[in-house]
Structures are given as structure tokens and as C-alpha cells.
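A.B. asks: Attaching a predicted model along with its sequence, questions to come.
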Amino acid sequence: MAGAHDGAPWKNARRQERPDESKVNQVAFLAIEHACKAFGKNTIRAVDDLSLSVERGEFIVFVGSSGCGKSTTLRLIAGLETPDSGTIALEGRDITRTPPAERNIAMVFQDYALYPHMTVFDNIAFPLTVRRVPRAERKRRVCAVSETLGIADILHRKPAKLSGGQKQRVAIGRALVRDPAVFLMDEPLSNLDAKLRAQMRGELARLHRTMRATIIYVTHDQTEAMTLASRIVVMDQGRVQQIGTPDELYLRPKNLFVAEFIGTPSMNLLACEVRGRTPYLARSAIGGGLCTASGRQRLFDAARLPFEPSNLEGRRLIAGIRPEHAHVERRPSETEPRPSRGLQGVCVRRERIGAEMYALVDLGGASVLGKESSDPQKKPRVGGEATISLQPEELLLFDQETTQALGTPRP
Ligand SMILES: Nc1ncnc2c1ncn2[C@@H]1O[C@H](COP(=O)(O)OP(=O)(O)OP(=O)(O)O)[C@@H](O)[C@H]1O
């Protein structure tokens, strides 16, 4: 069964316009302005006009599909790559062309990059050794960092004798010991198993809180992004799609890419068309409403839409519905007439996601994943008819052509 957004026509829709992050704060702690980077003769930019202001103590998380430019952005900040155009400033100082060693920025890599022939102590102390920090001071700082990270008892070991989680802590310790202005972390937890990952996630959150560190972090893991970030940057094809708090991205995605990318399970997306005799979907619109692609079912009366009336007549839209906002019940009796409210379909699958049961309902041409009723009498049956009820204020609308979110939800 195809999902609501499988093979969706809007996938090929015109790329969204550039989000307005161009007005970056000149006095921001870290300010990236209009950074562009292409590799070799490639005309497609790995990073395309990226602007971002980071305040001291923020935890910024970059997410986006593979190859969208997350690591390149981190490498530009670290100085491992130089932008083709644009600038990077740290604490008001232009560092666009400053060598990495002179930036006061530490990077933690996915593969830890530990020196195998050195002990844990020497690995952590390495940045101090190359800076010729006196021996006693080195020892003091390595001991303090290893206490914080809970690895004080393994300082004599070599990396080959460490678990994945321990190696990760050593890599973080090596970054911490420098006391840098900014920490860059490129998927630092991706080589750990699920349990250790959750534990290290908690530790990173604690470190960030206690040290008030400024962290810029890349991950594929939504839970990491949603739980750690003060703000998330969503990228696609080198371009920033939206920058916002986890709540802002979840509740008010600016475009279809963000709507689909953020949230697990992902948002249901249904193609709609506006029908009505008047050009405005207002309270007085007769027969106005949003219809699913099959054209048979009405999502809402125009009057119940959570948006200010706008000129929607004839526009092709996408309705976005979070699975937890679609409430699925079995039809009480298949001999009774169908209820007039809600979407009608056939339950094709049931699945447990965490503590809740969800049902996939086929609407004929599209399908919606929704949360099952908690009433055992109302649980849908696979193969049986089901009703999906929605609250209009939880509906998001997007223009199918531009992929941009529509309207401003009413307060
Ligand atoms: N040194 C390089 N030479 C040539 N192309 C590169 C180089 N580094 C990155 N690229 C290309 O730039 C684009 C962005 O790569 P980048 O590693 O920044 O993406 P990413 O979002 O971090 O991906 P992933 O999530 O898979 O790590 C990709 O198309 C990649 O192939």
C-alpha cells in the first residue's frame, strides 16, 4: 500500500525560495554569512548561500538527507575547507581564512580519530602537548576532564582496549581539554548501539548545561536533534530550509520538505483542491472545502479552517496531518450509514509505535496513518471500515507548486 506521500507529485515541485536568514546578527558569537562552497568543477554547490547566527551557549543541530552539505558546513566552520564566497566570524573576528589551529574551535569526528599508539591520557592531552602547555597544567586539565566524563580509571589504556562508548568519551575529552570557544561534532554517537547512544545523549545534554558550551552538531538521528538542540537547521541540497526550535519546526514547518523530514512517524501529506464558488475561502463560501485527491471526501468546511481566509480558489494544496492528530475508529456497524464527519476508508495495517497503536487507513488513492482510539470497542480491524477524525486547528496546508506553508494559523 502506497503511503500518503509515496510518488507524490509535489516532490518535483519548484524548490522553495531562500529562507530569510540573510539578516544575520553582526555581533553574534558565531556569524556565518552567505557561505557558498562547491567542490572541483562541480557547479552544484555543496553549501549554497548559508547564513546563520549562533549565540554563545547555543546547541545548534544540523539535520538533512545524506549529501545535503551538513559536514561541509562544519568543515567550513572548523577551517578544514574554505568557502568560495561568504564570511565566517567568531566573536566579531573574521576567521574565514584563518588556519584551523588558530580558530579556537574543536571538532569531534564520527570515527573518534584517536591515536592508536597513545594512551587515553596522551590522546586527551594531545592538543595541550602541541600547544606546549606545561606538564603539571596538562595533568591537571586531563584529570579534570576525565573526571567529568567518567573515564579517570582508564587513562593508562590504549584505544584498542576501549569500548565504543569509552572511545567516544576520549574523543570528547580531547575536545573539552582545550576549552574551545565552539565545539563541532559530526555524528559523534552514530557508531554506538542504541542503549549507549541514549546514555551518551544524556551526557552531552548534561555537559552542555553545566559547561554552557557552544555546540554545533550534525546528526541523522531525529531524537538527538529534537532532544539536544536549542535550534535545528534543516538543510536540503546545500540550502537551509528552516532554522528554528524543535517546537517551531514540528508545529510550524515552513515548507513540505521540513514538514516531511521532521517527526517520526512522518506527517501524512494529502493532495487537495479547493472547491467553492467564491475566490475566497471564507465563512460564506458555499460548498467550499478541501478535498482529498480522489475528490470524494471533504476534509473540512472552509469555515473551520485554522487559517485567515485567503485566496485559495482553484489552488492545488497539500494538507499535512501529524499521525497523532488523526484519530482512527472502526465504523460502528458496516450496515449503518457512513458518518457525515471525518474521512472514511479501510484499515489496511495496525502497528505499535511506542506506547500507542497506530492504523494505516486506505482512503482510495491515498492513505493516512493515525492513532487508534483507546476505547477497545472502537479499535479498527484490519480489512474493516474505519473513520478518521481530525481537528481543523491541527491541519497544516502547503501550496503544491511552491511547496511553501500557507497562511498563518489563527492564534
Ligand atoms: N572533498 C570533497 N570533494 C568533492 N565533493 C565533496 C567533498 N566533500 C563533500 N563533497 C560533496 O558535497 C556534497 C555535500 O557533502 P557533505 O558531506 O557535506 O554532506 P552531508 O550532508 O554531511 O552528508 P552525510 O549525511 O551523508 O554525511 C555531497 O554531494 C558530497 O559528495
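C.D. replies: Looks like it arrived, so ask away.
A.B. asks: Val348 - how many residues pack around it?
C.D. replies: Residues within reach of Val348, counting by other C-beta atoms under 10 Å, total 15. (Glycine included, C-beta is placed from N, CA and C.)
A.B. asks: Looks like it contacts Gly384 (just checking).
C.D. replies: No - here Val348 does not reach Gly384: they are 10.1 Å apart, not a contact under C-beta atoms under 8 Å.
A.B. asks: Which pLDDT value belongs to Leu80?
C.D. replies: pLDDT, Leu80: 92.
A.B. asks: list the contacts for it?
C.D. replies: Pro100, Met107 (C-beta atoms under 8 Å, 6 or more residues apart in numbering).
A.B. asks: what do you get for the one 4 residues further on?
C.D. replies: In this structure, Asp84 makes contact with Cys36, Lys37, Ala38, Arg45, judged by C-beta under 8 Å, 6+ apart.
A.B. asks: Please name the bridge partners of the first one.
C.D. replies: In other words, Cys36. Cys36 has the following beta-bridge partners by DSSP bridges: Ser85.
A.B. asks: So it versus the ligand, what's the distance?
C.D. replies: According to C-beta to the nearest ligand atom, to the nearest Å, Cys36 stands 12 Å off from the ligand.
A.B. asks: Which residues of the chain lie near the ligand?
C.D. replies: For the chain, the contact set with the ligand under C-beta under 6 Å from any ligand atom comprises Phe39, Gly40, Ala46, Gly64, Ser66, Gly67, Cys68, Gly69, Lys70, Ser71, Thr72.
A.B. asks: Got a PyMOL select line for the buried ones in those residues?
C.D. replies: Buried residues within the residues of the chain next to the ligand, by 16 or more other C-beta atoms under 10 Å, are selected in PyMOL with:
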select buried, resi 46+64+68+69+70+71+72
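A.B. asks: which pair in the residues of the chain next to the ligand spans the largest distance?
C.D. replies: Taking C-beta to C-beta as the measure, these span a maximum distance of 21.7 Å, between Gly40 and Gly64.
A.B. asks: circling back: any idea which of the contacts of Asp84 is closest to Arg140?
C.D. replies: Of all the contacts of Asp84, Arg140 sits closest to Lys37, with 39.5 Å by C-beta to C-beta.
A.B. asks: what's the nearest residue to the closest one if we skip its chain neighbours?
C.D. replies: Distance criterion C-beta to C-beta, 6 or more residues apart in numbering; nearest residue to Lys37, sequence neighbours excluded, is Val47 at 4.3 Å.
A.B. asks: Check Ile318 too.
C.D. replies: Phe398 (4.3 Å).
A.B. asks: Quickly list what that neighbour is bridged to.
C.D. replies: Ile318, Ala405.
A.B. asks: Going forward, count from 38.
C.D. replies: Noted, 38 is the first residue going forward, which turns the last one into Phe435.
A.B. asks: wait, what's in contact with it?
C.D. replies: Neighbour list for Phe435: Trp47, Asn292, Leu293, Ala296, Leu306, Leu354, Ile355, Ala356, Gly357, Gln441, Ala442, Leu443 [criterion: C-beta under 8 Å, 6+ apart].
A.B. asks: With Thr124 instead?
C.D. replies: Counting by C-beta under 8 Å, 6+ apart, Thr124 has contacts Ala68, Ile69, Glu70, His71, Ala72, Asp131, Thr133.
A.B. asks: Tell me which two in those residues are the farthest apart.
C.D. replies: Checking those with C-beta to C-beta, the most distant pair is His71 and Asp131, at 13.5 Å.
A.B. asks: So for these two, which sits in the more crowded spot?
C.D. replies: Per other C-beta under 10 Å, whichever of His71 and Asp131 has more neighbours is His71, with 15 against 11.
A.B. asks: tell me the SS of the more buried one?
C.D. replies: Classification of His71 by DSSP: H, G, I helix; E, B strand; the rest coil places it in strand.
A.B. asks: That one contacts Thr133, doesn't it?
C.D. replies: No - look at His71 against Thr133 with C-beta under 8 Å: they stay out of range, at 11.2 Å.
A.B. asks: Now do the shared contacts for the two.
C.D. replies: Contacts common to His71 and Thr133, judged by C-beta under 8 Å, 6+ apart, are Gly123, Thr124.
A.B. asks: for this protein, what helix or strand is lowest in average pLDDT?
C.D. replies: Lowest by mean pLDDT, DSSP states H and E among the helices and strands of the chain is strand 326-328, with a mean of 68.
A.B. asks: rewinding a little: the contacts of Thr124, buried ones only, as a ChimeraX selection?
C.D. replies: Selecting only the buried entries of the contacts of Thr124 in ChimeraX, with 16+ other C-beta under 10 Å as the criterion:
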select :68,69,70,72,133
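A.B. asks: What separates the first and last residues of stretch 213-228, distance-wise?
C.D. replies: End-to-end distance for stretch 213-228: 20 Å, by C-alpha to C-alpha, to the nearest Å.
A.B. asks: likewise stretch 190-203?
C.D. replies: 11 Å.
A.B. asks: Name the surrounding residues that touch it.
C.D. replies: 149, 151-158, 160-161, 179, 183, 188, 204, 207, 228-230, 233, 236-237.
A.B. asks: next one: that stretch to chain centre, how far?
C.D. replies: Put simply, stretch 190-203 sits 32 Å off its chain's centre (C-alpha atoms, centre = their mean, to the nearest Å).
A.B. asks: With stretch 192-208 instead?
C.D. replies: That offset, for stretch 192-208, works out to 30 Å (C-alpha atoms, centre = their mean).
A.B. asks: pLDDT on it, on average?
C.D. replies: In this model, stretch 192-208 has a mean pLDDT of 90.
A.B. asks: First-to-last residue distance for that stretch?
C.D. replies: 13 Å.
A.B. asks: Any stretches of the chain with poor pLDDT?
C.D. replies: Within the chain, the segments meeting pLDDT under 70 span 38-65, 313-326, 328-333, 337-350, 370-378, 444-448.
A.B. asks: Assess the claim that Gly420 and Arg386 are in contact.
C.D. replies: No - Gly420 is not in contact with Arg386 according to C-beta under 8 Å; the separation is 10.2 Å.
A.B. asks: Could you check which of the two is surrounded by more residues?
C.D. replies: Between Gly420 and Arg386, counted using other C-beta under 10 Å, the more crowded position is Arg386 (14 against 8).
A.B. asks: From the ligand, how far off is the more buried one?
C.D. replies: Counting by C-beta to the nearest ligand atom - Arg386 and the ligand are separated by 30 Å.
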